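**Q** I'd like to go over a predicted model; first the sequence, then the structure.
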Protein chains: 2
Amino acid sequence: MGVTGDRFRHEALGVVFQVREDRLSVLLWQRAFPPFADAWALPGGRLLSAERLGTSASRHLAAKVDIPEIAHLEQLETRSDPVRDPRERVLATAYLALVTVGAQPRLPADTAWHPVDALPACAFDHQSIIGSARERLRAKLSYTNIGFALAPETFTIAQLRDLYAAALGHEVSATNLQRILTRREVIEPTSGLSRPTSAGGRPAALYRFVSCSLVVTNPFAAFRPRE
Amino acid sequence: MGVTGDRFRHEALGVVFQVREDRLSVLLWQRAFPPFADAWALPGGRLLSAERLGTSASRHLAAKVDIPEIAHLEQLETRSDPVRDPRERVLATAYLALVTVGAQPRLPADTAWHPVDALPACAFDHQSIIGSARERLRAKLSYTNIGFALAPETFTIAQLRDLYAAALGHEVSATNLQRILTRREVIEPTSGLSRPTSAGGRPAALYRFVSCSLVVTNPFAAFRPRE
DNA sequence: ACAGGTTTTCAACTATCGGTAGATAACTAC
DNA sequence: GTAGTTATCTACCGATAGTTGAAAACCTGT
């Protein structure tokens, strides 16, 4: 009671995912100075005095990395290991950020995309944070409409299949994907058709996501009676 | 670069749930002084300089409320609204804590259990945090074995049904519950039988949870091929 | 001991979900 | 046309989970 409590630095980190060339990739920048010189780190930075964590994450991403295309941002978890930063104690709240496939944001010279299954040496606890973010993304792909934040405005089922396969890390059946997402009313057909490729083949119908804000579509309905 | 960053107070809060008299209840203490005098608040307190958030939550719960019976503790989310505390800015990381049914921890005079569907006026953003915690608990009950942290060592299916019904907020069929949790290998029968009640009736088999650490038992398997 | 009441347990029925396979449709190139 | 290619659809089927009702195992009162 009345004791002066300790105060802590706090940072917001962004795990920015984008599917690039059929591989789930994360945005990292390469540190020039110790600690962890030459290692790769998640974008982020200090929380300011009047700022919420979510806006801080947005600000650091938008300013340092020029990404206005972030289609989804959600809080992941807060890391509090006292020695996660060897210089001084810094709490870090990680956010999951998703960028639409095909977007090509300009990047600073020290910044690059890395496929998540071929990560370089990472600074601090960032590799483990990326692991948590992957888990979250995989889970939400299967019970929410979060795919809207990875997919373009309109897309064919084949494109969506490749996107889900990259993000989930295993093969996905186009037939199944189309039926399930349509039944859940996550996606709907538009009137458009895709240009057939030069190799021929039937033109594909173009779909879109029904909603562009997060909706839980497959509630774990266990133990609930059918009224 | 090199700018002196701001530092913040940080607190850990515990949303402690227990099923009491067939109602999901949360532990709250009544504030004596402003701000929010007389309103009810979640237990918790300051993060210390060498402490992780999880241990801070445990410490505050164990010290202030005498609960060594916390069977499960997990991080929920971090609240960062700059004015969530009118005195000064305090970041708060909330934890979900579960107490076994039947445990009767000694409580300080200002502390009491409140059914979550009849909450009193709450201080700060605590009511909304309790809402988040309920959501998390409900979701995890349906796809993990988290019930182990609410149930006693051994129990009958009827007891477990009442427990799930209280935590989920809707009726639950004992038949269904028994079949599903057994098939998922979440619970298993012991050799014991319950004493029949004075009213008569067949004695019930006693079950136990197979594991007392969190296991995901119903992965959202959507889109995964059957190898 | 037996009837009637109570609680538990189990088996059968059913709907839905989602993975699979194969047929059919719609296009290109030759 | 014919062959090749891609997309789409239907039918099948197993697993999951909600529902129902019967049978089992206990009590009490007569």
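**A** Yep, that arrived.

**Q** Next, count neighbours for the residue of chain A found nearest DNA strand C.
**A** The minimum distance from chain A to DNA strand C, using Cβ to the nearest atom of the strand, falls at A:G200 (2.7 Å). For every residue, glycine as well, the C-beta is placed using N, CA and C. Neighbours of A:G200 under the rule other Cβ atoms under 10 Å in any protein chain shown: 6.

**Q** Helix or strand for it, just tell me which one.
**A** Applying DSSP states H and E as the criterion places A:G200 outside every helix and strand.

**Q** who touches it in this structure?
**A** Residues near A:G200 by Cβ atoms under 8 Å, 6 or more residues apart in numbering or on different chains: none.

**Q** any idea how far it lies from A:L214?
**A** 38 Å (Cβ to Cβ, to the nearest Å).

**Q** buried stuff in the lowest-mean-pLDDT helix or strand in chain A?
**A** Within chain A, no helix or strand scores below helix A:53-65, which has a mean of 89 by mean pLDDT, DSSP states H and E. Neighbour counts over helix A:53-65 (16 or more other Cβ atoms under 10 Å in any protein chain shown) mark A:53, A:55-62, A:64-65 as buried.

**Q** So which of the residues you listed is the closest to chain B?
**A** Chain B has its nearest neighbour among the buried residues of helix A:53-65 in A:L53, at 4.0 Å by Cβ to the nearest Cβ.

**Q** Chain A against DNA strand C: which residues are in contact?
**A** Within chain A, the positions near DNA strand C by Cβ under 7 Å from any atom of the strand are A:173, A:175-176, A:179-180, A:183-184, A:193, A:196, A:198-203, A:218.

**Q** Quick check on those residues: which are buried?
**A** By 16+ other Cβ under 10 Å, the residues of chain A next to DNA strand C give A:180, A:184 as buried.

**Q** Just give me the closest of the residues of chain A next to DNA strand C to A:F155.
**A** Lowest distance from A:F155 to the residues of chain A next to DNA strand C (Cβ to Cβ) belongs to A:L193, with 12.4 Å.

**Q** Just grab the bridge partners of that closest one for me.
**A** A:A205 (DSSP bridges).

**Q** what's near enough to touch it?
**A** A:L193 makes contact with A:203-206, according to Cβ under 8 Å, 6+ apart.

**Q** Same list, those residues, but as TSV with pLDDT please.
**A** Shown next, in TSV, are the contacts of A:L193 (pLDDT from 0 to 100):
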residue	pLDDT
A:P203	91
A:A204	93
A:A205	96
A:L206	97
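
**Q** domains in chain A, as residue ranges please.
**A** Per automatic domain parsing, the structural domains of chain A span A:9-142, A:149-209.

**Q** deepest of those, which one?
**A** When the domains of chain A are scored by mean count of other Cβ atoms under 10 Å in any protein chain shown, the highest mean neighbour count falls to domain A:9-142 (a mean of 18).

**Q** End to end on it, go ahead and measure it.
**A** 36 Å (Cα to Cα, to the nearest Å).

**Q** Does DNA strand D have contacts with it?
**A** No. Shown here: domain A:9-142 not in contact with DNA strand D (Cβ under 7 Å from any atom of the strand), separated by at least 13.4 Å.

**Q** near chain B at all, that domain?
**A** Yes. Counting by Cβ under 8 Å from any Cβ of the partner chain, chain B is contacted by domain A:9-142 at A:9-10, A:46-54, A:75, A:77-78, A:80-82, A:89, A:91, A:93, A:139, A:141-142.

**Q** Run through the helices of chain A in chain order.
**A** Using DSSP state H, the helices of chain A run over A:53-65, A:126-143, A:157-168, A:174-183.

**Q** Turn those helices into a markdown table, columns for distance to A:V210.
**A** Shown next, in a markdown table, are the helices of chain A (distance: least, Cβ to Cβ, whole Å):
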| stretch | distance to A:V210 |
| --- | --- |
| helix A:53-65 | 25 |
| helix A:126-143 | 16 |
| helix A:157-168 | 13 |
| helix A:174-183 | 9 |
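
**Q** Least reliable of the ones you listed by average pLDDT, please.
**A** With a mean of 89, helix A:53-65 has the lowest mean pLDDT of the helices of chain A.

**Q** Can you dump the C-alpha atoms of that helix in CSV for me?
**A** Coordinates of each C-alpha in helix A:53-65 appear next as CSV, following Å, rounded to 0.1, in the frame of the first residue of the first chain:
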residue,chain,number,x,y,z
LEU,A,53,-0.9,-1.2,-27.5
GLY,A,54,-2.9,-1.9,-30.6
THR,A,55,-2.3,1.6,-32.1
SER,A,56,1.3,1.4,-31.1
ALA,A,57,1.7,-1.8,-33.0
SER,A,58,0.0,-0.2,-36.0
ARG,A,59,2.1,2.9,-35.8
HIS,A,60,5.4,1.0,-35.7
LEU,A,61,4.3,-1.2,-38.6
ALA,A,62,3.0,1.7,-40.6
ALA,A,63,5.9,4.0,-40.0
LYS,A,64,8.9,1.7,-40.1
VAL,A,65,7.7,-0.6,-42.8
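
**Q** counting contacts, what elements does it pack onto?
**A** Where contact means 3 or more Cβ pairs under 8 Å, 6 or more residues apart in numbering or on different chains; DSSP states H and E, helix A:53-65 is packed against strand A:9-20, strand A:23-30, strand A:44-46, strand A:70-79, strand A:90-99.

**Q** tell me the angle of that helix relative to strand A:23-30?
**A** 80 degrees (axes from the mean of the first three to the mean of the last three Cα atoms, to 10 degrees).

**Q** Residues touching helix A:53-65, excluding its own?
**A** Under the criterion Cβ under 8 Å, 6+ apart, residues A:10, A:12-14, A:16, A:27, A:29, A:43-48, A:51, A:67-68, A:70, A:73, A:75, A:93, A:95, A:97, A:105, A:107-108, A:111, B:78, B:80, B:91 lie in contact with helix A:53-65.

**Q** ok now it, how far from the chain's centre?
**A** 14 Å (Cα atoms, centre = their mean, to the nearest Å).

**Q** Show me the shaky parts of chain A.
**A** Chain A contains residues with pLDDT under 70 at A:1-5, A:196-197, A:219-221.
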